[in-house]
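**Student:** fold the following, please.
(one chain, ligands or ions: 2)
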Amino acid sequence: MKVHIIGGGNLGVSIALGIAKFSKSNQVTVTRRNTASIQYLSEYGITVSSDNKHNIQEADVVILTIKPYQVDIVLAEILPVIQGKTIASAVSGLSLDMLQEKTNNEYPVIRIMPNIAAQFGESATCISFPEKDREKALPIVDLFQDLGTAPVIDEKLMDAATVLGACGTAYALRYIRASMQAGIEIGFDSQTALAIAAQTVKGAAKMLLEEKVHPEQLIDRVTTPQGCTIVGLNEMEHNGFSSSLIKGIKTSLKQIKG
Ligand SMILES: NC(=O)C1=CN([C@@H]2O[C@H](COP(=O)(O)OP(=O)(O)OC[C@H]3O[C@@H](n4cnc5c(N)ncnc54)[C@H](O)[C@@H]3O)[C@@H](O)[C@H]2O)C=CC1
Ligand SMILES: O=C(O)[C@@H]1CCC=N1
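**Tutor:** Ligands and ions are numbered 1, 2, ... in the order given. So this is what the prediction gives:
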């Protein structure tokens, strides 16, 4: 498949690298206005251009990884030259209805919500599309499955997916940062603290994904009665650990919904 990514920023570059590394049978072009900082992508076989229309006529899918306020400008530029091509949008808050309206209902449209771990083949991408575009969408689902997981979900949940799956990367990293800071306070140098905190999160996530159990079942295996884990966990909860995460996630969702 020939993939044309418009918006070579944080997400666009991560998807491009993910495809180059984990979905090698596909060819990728990435565009952004100033390409100096992404020229290195050519080392991975990715074509880089400052012209949004470069190679676009050969593309099987055009992926938009631009900010919401850049959508109209970019569509005005590319629509005249991509008649009938599939458009996949990762633009947060842009519904399928809005995208269809902006493209005059003349293009197959797909809404994708990856995260920046696509670059490492570990994105939790959520995807939705109108039923009429199923045939065009399924190859895109396959593509994103190569970059991690890619469930097809009801479009009503796409904003929620943005928060849980895309913003979620930042929340998880903040947990790791806090653990690292605590690790330094209790005696580790920063690099060792970071390595231990990150690997611990990776191990916990791997157990959950492989055993498919409720987190509390695994927590039970860690918390020795009267031991140090449970007192620490309870202290965190007294200080609003779970509650602050839940409130933060709901606040992020409110921001997307406007
Ligand atoms: N960063 C993330 O983790 C995620 C971002 N998103 C969504 O993806 C979109 C992009 O986000 P980021 O990558 O973080 O933003 P970004 O600002 O890093 O990337 C946007 C890129 O588009 C380029 N651009 C702007 N105008 C352009 C034009 N006319 N033609 C071509 N390129 C143009 C900019 O130079 C920039 O490199 C947003 O809508 C965001 O909500 C969705 C999921 C995750
Ligand atoms: O913060 C944002 O608005 C974007 C959407 C999901 C991740 N980053």
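
**Student:** which stretches of the stretch 1-150 of the chain aren't confidently modelled?
**Tutor:** Along the stretch 1-150 of the chain, no part satisfies pLDDT under 70.

**Student:** ligand 2 contacts on that one?
**Tutor:** Ser92 (Cβ under 6 Å from any ligand atom). For glycine as for every other residue, the C-beta is placed from the backbone atoms N, C-alpha and C.

**Student:** within range of ligand 1, give me the residues from the stretch 1-150 of the chain.
**Tutor:** 6-12, 31-33, 52, 65-68, 70, 73-74, 90-92, 113, 115-116.

**Student:** what's the longest helix in this protein?
**Tutor:** Scanning the chain for the helix with the most residues, using DSSP state H, yields helix 190-211.

**Student:** could you check the angle the helix or strand hosting Arg177 makes with helix 190-211?
**Tutor:** In the assignment (DSSP states H and E), Arg177 maps to helix 168-185. For helix 168-185 against helix 190-211, the angle by axes from the mean of the first three to the mean of the last three Cα atoms, to 10 degrees is 130 degrees.

**Student:** how about the helices in the stretch 51-200 of the chain?
**Tutor:** Per DSSP state H, counting those that start in this stretch, the stretch 51-200 of the chain carries helices over the ranges 71-78, 96-102, 134-146, 158-161, 168-185, 190-211.

**Student:** what's the shortest one in contact with?
**Tutor:** Around helix 158-161, the neighbours that count as contacts under Cβ atoms under 8 Å, 6 or more residues apart in numbering are 92-93, 95, 111, 113, 126, 128, 153, 253, 256-257.

**Student:** ok, now with 10 Å
**Tutor:** The contact list for helix 158-161, computed with Cβ atoms under 10 Å, 6 or more residues apart in numbering, reads 92-96, 111-113, 115, 124-128, 151, 153-155, 165, 168, 249-250, 252-258.

**Student:** count the residues that sit near the residue lying closest to Gln39 once chain neighbours are set aside.
**Tutor:** Leaving aside its sequence neighbours, Gln39 sits nearest to Val48 (Cβ to Cβ, 6 or more residues apart in numbering; 5.8 Å). Val48 is flanked by 20 other residues according to other Cβ atoms under 10 Å.

**Student:** contacts only, for Val48.
**Tutor:** 8, 13, 16, 28-32, 35-36, 38-42, 54.

**Student:** now, the residues you listed that are in helices?
**Tutor:** Residues from the contacts of Val48 lying in helices, with DSSP H as the criterion: 13, 16.

**Student:** Pro139: which of the contacts of Val48 is nearest?
**Tutor:** Set against Pro139, the nearest of those by Cβ to Cβ is Val28 (14.5 Å).

**Student:** the helix holding Arg177 near ligand 2 at all?
**Tutor:** No: Helix 168-185 stays clear of ligand 2 (Cβ under 6 Å from any ligand atom), getting no nearer than 7.3 Å.

**Student:** could you say what helices and strands that helix packs with?
**Tutor:** For helix 168-185, the contact count by 3 or more Cβ pairs under 10 Å, 6 or more residues apart in numbering; DSSP states H and E identifies strand 123-124, helix 190-211, helix 241-257 as packing neighbours.

**Student:** try it again with 8 Å
**Tutor:** Contact here means 3 or more Cβ pairs under 8 Å, 6 or more residues apart in numbering; DSSP states H and E; on that basis helix 168-185 packs against helix 190-211, helix 241-257.

**Student:** of all the ones you listed, which one comes closest to ligand 2?
**Tutor:** Ligand 2 lies closest to helix 241-257 among those, at 7.3 Å (Cβ to the nearest ligand atom).

**Student:** now do that closest one: distance to the chain's middle.
**Tutor:** Here the centre of helix 241-257 is set off from its chain's centre by 18 Å, with Cα atoms, centre = their mean, to the nearest Å.

**Student:** so what touches that helix?
**Tutor:** With contact meaning Cβ under 8 Å, 6+ apart, helix 241-257 is reached by 92-93, 159-160, 162-164, 167, 171.

**Student:** going by distance to ligand 2, which of the residues you listed wins?
**Tutor:** The closest of the contacts of helix 241-257, once distances to ligand 2 are taken by Cβ to the nearest ligand atom, is Ser92, at 4.0 Å.
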